[in-house]
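> Using only what follows, build the 3D model:
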Amino acid sequence: MADSPAAAPIGKRFPPVSYVIGREKIREYARAVGETNPVHHDVATARAAGYDDLVAPPMFVVVYSSPAIEPAMFDEEIGIDFDRLVHGAQEFTWNRVLTAGEEVHTTITLDEVRTLDAANVTYYVFGAETTDSAGEVVSTGVWTNIVRGAAA
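All right, here's what the predicted structure looks like:
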């Protein structure tokens, strides 16, 4: 575990994690978030709209990038104290839609660790880059995690 947040290895890059986007996962996710557009549920409709297969909703990015962020967040060298962790924010940029059958690869980097002494919190900011099998970037993301200070 990192001796202090300041000792966390800024710039540490984690190996890419691959994920194959499946039809049923797209349908399950779309149902879970109330997405009713038929391009997320019906292959014929998606193909008629010009897609190769079912279209992953934009926030499906969390499904395929989560397996990549987990090793970074649990890395002892970074030293996040999960007893004091509060979700901060997630921000994403998409370069194109993804469809069922595609394989993507997400790489995570620890971009920033910042402590605000007055608030007694530390921000751990991770960058995510997801590429397709051709190596083209399909999405990027920023995952911000907040760790509250030590108990009095």
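> and the closest residue to Thr36 other than its chain neighbours, how many residues sit next to it?
The spatially closest residue to Thr36, leaving aside those adjacent along the chain, is Ala30, at 7.9 Å (C-beta to C-beta, 6 or more residues apart in numbering). The way it works is simple: take the backbone N, C-alpha and C, and place the C-beta from them, glycine included. Ala30 has 21 neighbours, counted by other C-beta atoms under 10 Å.
> Test my guess that Ala30 contacts His40.
Yes: using C-beta atoms under 8 Å, Ala30 makes contact with His40 at a distance of 3.9 Å.
> what residues are shared contacts of the two?
Contact criterion C-beta atoms under 8 Å, 6 or more residues apart in numbering; residues shared by Ala30 and His40: Pro57.
> picking that back up, please pull up the helix or strand immediately following the helix or strand encompassing the residue nearest to Thr36.
Using DSSP states H and E, Ala30 falls within helix 23-33. The helix or strand immediately downstream of helix 23-33 is helix 43-48, counting by DSSP H and E.
> List the contacts of that next one.
23, 38-40, 52-55, 99-100.
> who wins for neighbours among the residues you listed?
Of the contacts of helix 43-48, with other C-beta under 10 Å as the count, Leu54 tops at 27 neighbours.
> Tell me the pLDDT of it.
You'll see Leu54 listed with a pLDDT of 98.
> just the strands in this protein please.
Remark: strands assigned in the chain by DSSP state E are 17-20, 85-94, 103-116, 121-131, 137-148.
> Next, the buried residues of stretch 21-32.
21-23, 25-27, 29-30 (16 or more other C-beta atoms under 10 Å).
> Now distance to Val142 and pLDDT too, for the residues you listed, in TSV please.
TSV is the format used below for the buried residues of stretch 21-32 (distance: C-beta to C-beta, whole Å; pLDDT from 0 to 100):
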residue	distance to Val142	pLDDT
Ile21	22	98
Gly22	26	98
Arg23	29	98
Lys25	23	98
Ile26	24	98
Arg27	28	98
Tyr29	21	98
Ala30	24	98
